[in-house]
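*Asks:* Build me a structure from this.
(chains A, B and C)
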Amino acid sequence: MQVQFLSPVPPPPPEPQEEDGDVSMVDGESVGINPVTPGQAIATDTQGHGTYLEGSTVHSSVAGMIDRVNKLISVRPLKTRYNAEIGDIVVGRITEVAQSRWKVDVNGRQDAVLMLSSVNLPGGVQRRKSESDQLQMRTFFSEGDLLVGEVQSFYADGATALQTRTLKYCKLRNGTFTCVPPALVQRCKSHFHTLPCGVDVILGLNGYIWVSKTTEKLPKGVEGRAAEEVEAEMAYSNKNEPITDHERETIARVSNCIAALARRFMYINDSIIVYAYEASLGFAVSDLLQLQVIRAITQEASAKAAMS
Amino acid sequence: MDRKRIAGPELSVPPLFDKPQIVPQELAGEGRPDGRSPEDVRPIFLKTGLINQANGSAYIELGNTKLACAVYVLFFPTHCSSAFPRLITPPPRCSYGPRQNKKQTFSNMGLLNCEFKFASFSCSKRRGNQRDSQEKEYSQILSEALAPAVRLELFPKAMIDVFVTVLENDGTASCLAGAITAASVAIADAGLEMIDQVAAVSAVERSHHLVFPQRTQSFAKDQILMDATSAEEKLETGTLVVSYMPSANEVTHVLQTGETEGPVTVQAIEQCIDACSKIYTVMSAALVESLKEGERPRV
Amino acid sequence: MPAPLISPSERDYITKSVQANLRADGRTRLDYRQIVLETGLISQTSGSARCRLGEGTDVLVGVKVEIGQVDIDSAGNRGKVVCNVECSPSASQQFEGRGADELNNELTQALERVLNGAQGGLNLEKLCIIQGQQCWVVYIDAIILDSAGNLLDAIFIATRAALFNTRVPKTIVQDLGDGQFEFELLDDVESAERIEGWDHVPIGITLNKIGSRYIIDATPLEELCTEAKLVVAVNRKGHLCGLQKSADGGIEPSLLTEMVQTAKSLGQSLIKQLDDQLEREEIDFNARRARGEHVEKLGFFAA
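*Replies:* Coordinates of the predicted model:
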């Protein structure tokens, strides 16, 4: 048995902001320098999200950082629920099966909606959804299932509509789930990553992250059936593939690294995860839960990120 | 008396009181007042079908502990009702229709909802009408003890209500044990699919050095009394309730209070498991009896 | 906080991880998360402690001793222990309104069953002030500030720490003759005493049976996979002070015996380490006060 009692330690003093190379300044913008509070007058430019107009001055309506694109000024809150944007890749959990639709928890203000008509069903990608499909919706997704999908559109009440009409969007298997603040997940070209350590990571923009064993991308067609068809069936499978202890350990290590980065409120993308993973190799996986180890590996990771 | 003006002495010693001797003579000896040996449980009377309106019911007596149990099934699962004609037409006076379950969302498993109640006259002190925290807890224990036995996965959306009323309490632990036993029989009587019957029994652990402080070094003389009456329970240093499925060989619930050394409790659990197997035969006999005399489907 | 749901593949992954003795966060089956403990942070109480498990579960226990009437039922020479556990809605949305009632009752009963009575360890007779009339009532109130699994263990740890921290004002009893007694409270803070028997207070270990194995200190997802839970209360001597199964599953008798044995040894070593930590904290506190330093409780802003 391992048990460790600790006294609380005071929070570390805020680190001095570096002039360059800080990971949070990827675009060279002045992010992270200018925090504002609700009600604070900001400028007289065009108002964007997170602001309101009083007379001719723009005031901030949230506590966060100023985002400026030319004349458009908006304030991004640091701690917020997920604000969906069309095209975002999200990881979600089914909370309810309703009339020809699923309700999906995506860490947003309200549950997202996944219509039966916006999923691929086994047996022909473009086939029509019949009444029998409606009756057996739980065989595709039932309460508790995790899936990865894309934000398709919005309803009038602000609810998000998802779609999973591509083969890469499917039910999630072979791995473990982690949750981080949505603001930390960086918008990237791709959110499906295969790390060099042999682990797949899906970085949902809503802060839900799926870490799993790498699976072969192209299953071979079995007995004359098209590969696509097999994959469409696989997309709804609940069965895990066999996972070795080594793979399990790597998955645990990666998800602990992600949790460590989130703990230190650092941006999360594939390269910083790899750096943190490399830095963590000197420690046992369970040690990655300890505060001093978290500090060490995140510092090393951000130093590496700054160099490259 | 005015303490401000008439000051007492600066320091005084708190008075020492003699410990009242609380052990009645008949319980201080080795034997038990009703002549049972420590391993014996009280004679059990168990019968199904006490309550006509219910889908299943049972009545149990453990000596003076008496309780009644009724089971109501809501949202009958269609595939099993055909096998059990008693379920097709609920008794006409049944006021428990399928209850709309507004709070609960869809559940793939059936829900087992248990309510345990002491009748207000059942204990030496009058009980209130409202369920108190002990009754709420026993309700939860009851459902946790029965859940492993009932094949809830076969009853999606269904709600199984189990109501237990204690009519006479002679040993609180035996009430809980009796409730589990009776509820298990009542569920079987209602024709619900089960993996096994759940038999339950209570015991008290009496550590001599705590009851008789004068005689020290005495854990060797610890006694485990099965199925204690409330008089015996008063002297307890620990009580134990174990529920057990004999065919499946699984302990479905265990609740122990009081301080004991580990081996004593382990031994007590083993004794309880043995006793459960005996109670199991009584339960089976009661069910077989009810099947013999009960309504059979007419050809 | 995400909804309390789990998918079949996650369940399978966790079950197999437990089998492989490597859990989703890298711990082995019998590892605790880091426990952060601080005592004496609420000045209005007679004793208080806050216990955090890892990054999640956060429990605050306040002990208040008040003068009350002796129960007529008992021999009339005992104090009382009253426990209450409340899940704050801030911990989870599910605790809002009446949502936490059942959980509150379950936790309260579990705590009360262990602490109230001879097995609770506290010397209740010493808490009696005047026989048949007045006694100290020890109110133990726990608040769940944040919930991420394994609430009961955290409550027990914090309770033991809070009782270590508790000081009861000294009373002076005067015999007025004719069987009349009066008592006086000493205001002097320094003379206040610890409750006798705090070191015999048991702690609870929750074992979660997943598959054919069992784990301690489960995370919320692991709790969703739990078939049966066994709470074992153990005191310093390694005596059993309570045993309760919960959740909807059964346990084979041989496994049950093994779980009880494991919990016993785990409990004893946990109590030892807890006491070491409490003493360390106290020595450190006294040393700093002797040096005339201002000792500040970190409370809720600690990392």
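*Asks:* Would you mind giving me the confidence score for the closest residue to residue C:6 other than its chain neighbours?
*Replies:* Excluding its sequence neighbours, the residue lying closest to residue C:6 (C-beta to C-beta, 6 or more residues apart in numbering or on different chains) is residue C:224, at 4.3 Å. Yep, even glycine has a C-beta here, placed from its N, CA and C like the rest. pLDDT recorded at residue C:224 is 90.
*Asks:* do the same with the one 5 residues further on
*Replies:* At residue C:229 the predicted local distance difference test score is 93.
*Asks:* swap in the one 4 residues further on?
*Replies:* The predicted structure scores residue C:233 at 93 on the pLDDT scale.
*Asks:* Same question for residue A:296.
*Replies:* What the model reports for residue A:296 is a pLDDT of 91.
*Asks:* Backbone dihedrals for residue C:136, please?
*Replies:* Torsion angles at residue C:136 (phi, psi; degrees, to the nearest 10) stand at phi -80, psi 140.
*Asks:* Low-confidence ranges, the chain, go.
*Replies:* Here I'm looking at chain A. Within chain A, the segments meeting pLDDT under 70 span A:14-33, A:123-127, A:216-233.
*Asks:* Please refer instead to chain C.
*Replies:* C:1-3, C:73-75, C:299-303.
*Asks:* Spatially central residue for it, please.
*Replies:* Nearest to the geometric centre of chain C sits residue C:156, at 1.7 Å (C-alpha atoms, centre = their mean).
*Asks:* Tell me which helix or strand the residue nearest to residue C:6 sits in.
*Replies:* Using DSSP states H and E, residue C:224 sits within helix C:220-225.
*Asks:* Just the buried residues of the one helix or strand residue C:272 maps to, please?
*Replies:* Secondary structure assignment for residue C:272, by DSSP H and E: helix C:253-290. By neighbour count on 16 or more other C-beta atoms under 10 Å in any protein chain shown, the buried set for helix C:253-290 is C:253, C:255-257, C:259-260, C:262-264, C:266-268, C:270-271, C:273-275, C:277-278, C:281.
*Asks:* hang on, residue C:149 in a helix?
*Replies:* No. Counting by DSSP: H, G, I helix; E, B strand; the rest coil, residue C:149 is located in no helix; its state is coil.
*Asks:* Could you check how far the nearest residue to residue B:50 once chain neighbours are set aside is from chain A?
*Replies:* Closest residue to residue B:50 apart from its sequence neighbours, by C-beta to C-beta, 6+ apart: residue B:59 at 4.2 Å. Residue B:59 sits at a distance of 39 Å from chain A (criterion: C-beta to the nearest C-beta, to the nearest Å).
*Asks:* can you confirm residue B:59 is in a strand?
*Replies:* Yes. Applying three-state DSSP, one finds residue B:59 inside a strand.
*Asks:* could you pull out the helices for the stretch 1-150 of chain C?
*Replies:* Counting by DSSP state H, counting those that start in this stretch, one finds helices in the stretch 1-150 of chain C at the ranges C:8-19, C:101-115.
*Asks:* In TSV, list the ones you listed along with mean neighbour count and distance to residue A:241.
*Replies:* Below are the helices of the stretch 1-150 of chain C laid out as TSV (neighbours: other C-beta atoms under 10 Å in any protein chain shown; distance: least, C-beta to C-beta, whole Å):
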stretch	mean neighbour count	distance to residue A:241
helix C:8-19	21	10
helix C:101-115	21	36
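*Asks:* wait, which of those helices is closest to chain B?
*Replies:* When those are compared by C-beta to the nearest C-beta, helix C:101-115 sits nearest chain B, at 4.5 Å.
*Asks:* the helices in chain B, which residues?
*Replies:* Using DSSP state H, the helices of chain B run over B:25-28, B:78-81, B:85-88, B:133-146, B:172-189, B:208-211, B:230-233, B:262-293.
*Asks:* just those: most buried one?
*Replies:* Highest mean neighbour count of these: helix B:172-189, a mean of 29 (counted as mean count of other C-beta atoms under 10 Å in any protein chain shown).
*Asks:* how about the residues of the stretch 51-200 of chain C that lie near chain A?
*Replies:* Within the stretch 51-200 of chain C, the positions near chain A by C-beta under 8 Å from any C-beta of the partner chain are C:54, C:55.
*Asks:* contacting residues for the residue of the stretch 51-200 of chain C found nearest chain A?
*Replies:* Closest residue of the stretch 51-200 of chain C to chain A, C-beta to the nearest C-beta: residue C:54 (6.2 Å). Contacts for residue C:54 (C-beta atoms under 8 Å, 6 or more residues apart in numbering or on different chains) come out as A:289, C:33, C:34, C:148.
*Asks:* Go again with 7 Å.
*Replies:* By C-beta atoms under 7 Å, 6 or more residues apart in numbering or on different chains, the contact list for residue C:54 reads A:289, C:33, C:34.
*Asks:* Show me which of those residues is closest to residue B:131.
*Replies:* Checking the contacts of residue C:54 against residue B:131 with C-beta to C-beta, the nearest one is residue C:33 at 36.1 Å.
*Asks:* any idea how far that closest one lies from residue A:286?
*Replies:* 9 Å (C-beta to C-beta, to the nearest Å).
*Asks:* higher neighbour count, the two?
*Replies:* When neighbours are counted by other C-beta atoms under 10 Å in any protein chain shown, residue C:33 and residue A:286 differ, and residue C:33 comes out ahead with 26 against 20.
*Asks:* what's the closest non-adjacent residue to the more buried one?
*Replies:* residue C:54 (3.3 Å).
*Asks:* try residue C:163
*Replies:* The nearest residue in space to residue C:163 (C-beta to C-beta, 6+ apart) is residue C:198, at 4.5 Å.
*Asks:* Now do the same contact list for that neighbour.
*Replies:* Residue C:198 sits next to C:122, C:163, C:164 when contact means C-beta under 7 Å, 6+ apart.
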